[in-house]
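Chemist: Can you look at this prediction? I've put the sequence above it.
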Amino acid sequence: MMNNTIALRLSQLREEMEREHLAAVIIPTSDPHQSEYTAAHWKGRAYISGFDGSAGTAVVTMNGAALWTDSRYFLAAEEQLKDTEFQLMKLKVDGTPTIAEWIGKSLSTLNTSHSTEVAIDGMVASASEVRQLREELRSEGGLTLRTNIDLLGRIWRNRPPVPLNPVELYPEAYAGESCASKLQCIRQELRRLHADGMLMASLDDIAWTLNLRGTDVHCTPVFVSYLLVSSTSATLFINKEKLSPQVEEYLRQNGIGTDDYGQVTRGLSDYAEYNILLDPNEVSHTLFSAVQNDERRGTRSKTVIVEHESPVKRMKTVKNAVEQQGLRNAMLRDGVAMVQFLCWLDKAMGATGTAALSECSVSEKLLQLRAAQSLFRDISFDTIAAYGVHGAIVHYEPTPESNIPLLREGLLLLDSGAQYMDGTTDITRTIALGPLTEEMRRVYTLVLKGHIQIELARFPEGISGTQLDVLAKRAMWQEGYSYLHGTGHGVGTYLSVHEGPHQIRMEWKPAPLVEGMTVTDEPGIYLAGRFGVRIENTLLIVPAKPRSAADPMPADGRTECGRFLQFESLTLCPIDKRPILPELLSDEERQWLDGYHRLVLERLSPLLADDERQWLKEACSPV
């Protein structure tokens, strides 16, 4: 049965395409700031396709439609697109065409003459994305790309407005460094890169730099704005309704002027210094082009662009001592909430005559327990409470329509996190609700082995996370299992739960791992139509140190071959032992798990009620 709403929207879009003589329209997920998670105003890809995952690109031609997304969303996208015209394109799967290839092939099947012009809104597509698309389209029969049009804006009825939520001060007691100090460090780094200034477009970079937070994006405490930094001044482009007198005074004290959000192009035109750093992966094509095309008076014709990754990204990922302690404190409170939840869940599943639990009800219960913790502000992403077959949908989120009851058998995959004033949390536990199959136990143990091998890793400072990824997959590869999503990502300090550029994943990413970074450890195995397993802790990168008296590692991690690092487990929550096949664990892996559980028991026990403490003692007993 066709989804009539999506069909109507596609019809309306094609009317506009015909009016503009367009062969195809590309609709990315992003907003003008290249955000992973966007405010509702920019959820155009979800509007036109019905697919609401956090990653994906929709393409519409006059006679077809397709959507590209990654492995986290294959099953979810299949379900959400099944009653629409959209064809699912699975990224990184053999045989999947690129967007340009698909458009070229689609147009070549038309028997009549047709336009060769493809459109994308240059305000929500990055400069590098447009550059690559132009090259690829040109190779597909000379297709051209138009970037000065937003067709969705013409057909989107009742489009949510750009948010006007107030901006809040973020205390230095949690940030660990003043806004003035951060701006000074940024300018020093710009000078090293031979740049006079920069346009900052990333919302979490702006929030981090200014020690401000907001609520414009669901689960991510950022606010819609741009920050233009020069060698002597800075301007925040933001809707001024969002600024209280207190925040305005704070900005003045830090030498930061303000201008309307919509005036950022004019601000770039008025920029008076010789050159400016623009990150082509962060700054939109439209703003990038505004600088390129800005004809200036005087001895030079235009501002020189320094193309480089924003230096703020890597500065932000290295947590200072205050942020590190804040993360530890946040994880401690989050661990209390998790243990309270797991204790409650065990009792509820074991009780008779009680109302059946469901994916939605356990998600709501966990939220209640987290909200009772001090400094809680929000969840850090929508909770993934996936029971049984839903566990194989990597980023499944229960809805009233998809919600299913929990039975006293099988596995519940629970991926969740919270925003506390002093830190952001991200944790996954896969929980046995009753009898398990041998396959479930084997898969669970293979995932656990991969998780522990990352936790045990020691590595030279400066390597890429790509070089660690095999540790998480070696055991499962030996038995023919694998997964396509990343093994780990950075986590913010009361900011985005996904923070980079560093990560642990199969694809090469030249982003060195250094002391002070956070990164998750979350291997998984997903068997469609059966179940899924994922186990995740958030880790902090610290200097390597000896683990026993016989360990030759120096106390500071420095050897004749360089400085070595390792991981500290920030997450404090027992890993379910019931599904484990103990014979598959090595002695080293078993020792790590028992040691981790001793740490969890020691840290959390004083903060729990008697019954919860007794439950935790059993959950943390030796394997």
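Modeler: Received it, and whenever you're ready, just let me know what you need.
Chemist: Might one say that Ile535 is in contact with Glu522?
Modeler: Yes - with contact defined as Cβ atoms under 8 Å, Ile535 and Glu522 form a contacting pair (7.0 Å). Every residue, glycine included, has its C-beta placed from N, CA and C.
Chemist: Between the two, tell me which one has more neighbours.
Modeler: Set Ile535 next to Glu522 and count neighbours by other Cβ atoms under 10 Å: Glu522 wins out with 26 against 22.
Chemist: Tell me where the stretch 301-450 of the chain has helices.
Modeler: 311-317, 321-350, 359-371, 438-456 (DSSP state H, counting those that start in this stretch).
Chemist: Dump these into JSON lines; add distance to Pro405 as well.
Modeler: JSON lines is the format used below for the helices of the stretch 301-450 of the chain (distance: least, Cβ to Cβ, whole Å):
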{"stretch": "helix 311-317", "distance to Pro405": "41"}
{"stretch": "helix 321-350", "distance to Pro405": "11"}
{"stretch": "helix 359-371", "distance to Pro405": "8"}
{"stretch": "helix 438-456", "distance to Pro405": "19"}
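Chemist: got those helices as TSV, with distance to Leu210, mean neighbour count and mean pLDDT columns?
Modeler: Supplementary listing: the helices of the stretch 301-450 of the chain in TSV, determined by distance: least, Cβ to Cβ, whole Å; neighbours: other Cβ atoms under 10 Å; pLDDT from 0 to 100:
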stretch	distance to Leu210	mean neighbour count	mean pLDDT
helix 311-317	11	21	96
helix 321-350	16	20	97
helix 359-371	27	19	98
helix 438-456	34	21	98
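Chemist: of all the ones you listed, which lies closest to Glu273?
Modeler: helix 311-317 (16.6 Å; Cβ to Cβ).
Chemist: Can you tell me what sits against the closest one?
Modeler: 182, 185-186, 189-190, 193, 198, 200, 202, 204-205, 208-209, 277, 490, 492, 495, 499-502, 511, 517-518 (Cβ atoms under 8 Å, 6 or more residues apart in numbering).
Chemist: hmm, 7 Å instead?
Modeler: 185-186, 189-190, 193, 200, 205, 208-209, 490, 499-502, 517 (Cβ atoms under 7 Å, 6 or more residues apart in numbering).
Chemist: Give me the common contacts of Ile535 and Glu522.
Modeler: Common neighbours of Ile535 and Glu522 (Cβ under 7 Å, 6+ apart) are Thr428.
Chemist: How many residues are close by the closest residue to Thr215 other than its chain neighbours?
Modeler: Spatial nearest neighbour of Thr215, excluding adjacent residues (Cβ to Cβ, 6 or more residues apart in numbering): Asn165 at 4.6 Å. Neighbour count for Asn165, taken as other Cβ under 10 Å: 15.
Chemist: quick one: secondary structure of Asn165?
Modeler: coil (DSSP: H, G, I helix; E, B strand; the rest coil).
Chemist: could we number from 642 for the rest of this?
Modeler: Shifting the count to begin at 642 puts that one at Asn806.
Chemist: Can you check what pLDDT the model gives it?
Modeler: For Asn806, the model assigns a pLDDT of 97.
Chemist: Over to Lys943?
Modeler: Confidence for Lys943, expressed as pLDDT, is 71.
Chemist: likewise the one 3 residues further on?
Modeler: Per-residue confidence for Ile946 comes out at a pLDDT of 94.
Chemist: where in the stretch 792-941 of the chain is pLDDT low?
Modeler: The stretch 792-941 of the chain contains residues with pLDDT under 70 at 934-941.
Chemist: Let's see that with 80 instead.
Modeler: 933-941 (pLDDT under 80).
Chemist: residues making contact with the host helix or strand of Phe1208?
Modeler: Element membership for Phe1208 (DSSP states H and E) is strand 1203-1210. The contact list for strand 1203-1210 (Cβ under 7 Å, 6+ apart) reads 1096, 1098-1102, 1154, 1156, 1178, 1180-1185, 1194, 1198, 1237.
Chemist: ok, 8 Å please
Modeler: 1095-1096, 1098-1102, 1154-1156, 1160, 1162, 1178, 1180-1186, 1194, 1198-1199, 1237, 1240.
Chemist: Please list only the buried members of those.
Modeler: Using 16 or more other Cβ atoms under 10 Å as the burial test, the contacts of strand 1203-1210 include 1095-1096, 1098, 1100-1102, 1154-1155, 1160, 1162, 1178, 1180-1182, 1184-1185, 1194, 1198, 1237 as buried.
Chemist: need the contact list for the one residue sitting closest to the centre of the chain.
Modeler: Nearest to the mean C-alpha position of the chain, counting by Cα atoms, centre = their mean, stands His1139 at 3.2 Å. By Cβ under 8 Å, 6+ apart, the contact set of His1139 is 677, 1130-1132.
Chemist: same thing with Arg1070?
Modeler: 979, 983, 1055, 1176-1177, 1214, 1216-1217.
Chemist: Take the contacts of helix 952-958 and keep only those in strands.
Modeler: Among these, the residues falling in strands (DSSP state E) are 841, 1131, 1140-1143.
Chemist: and the two most separated of those?
Modeler: Met841 and His1143 (19.3 Å).
Chemist: Compare those two and say which is more crowded by neighbours.
Modeler: Met841 (28 against 24).
Chemist: I'd say that one and Ala848 touch.
Modeler: No - contact status for Met841 versus Ala848: not in contact, 10.3 Å apart, counting by Cβ under 8 Å.
Chemist: rewinding a little: out of the helices of the stretch 942-1091 of the chain, nearest to Phe727?
Modeler: helix 1000-1012 (26.0 Å).
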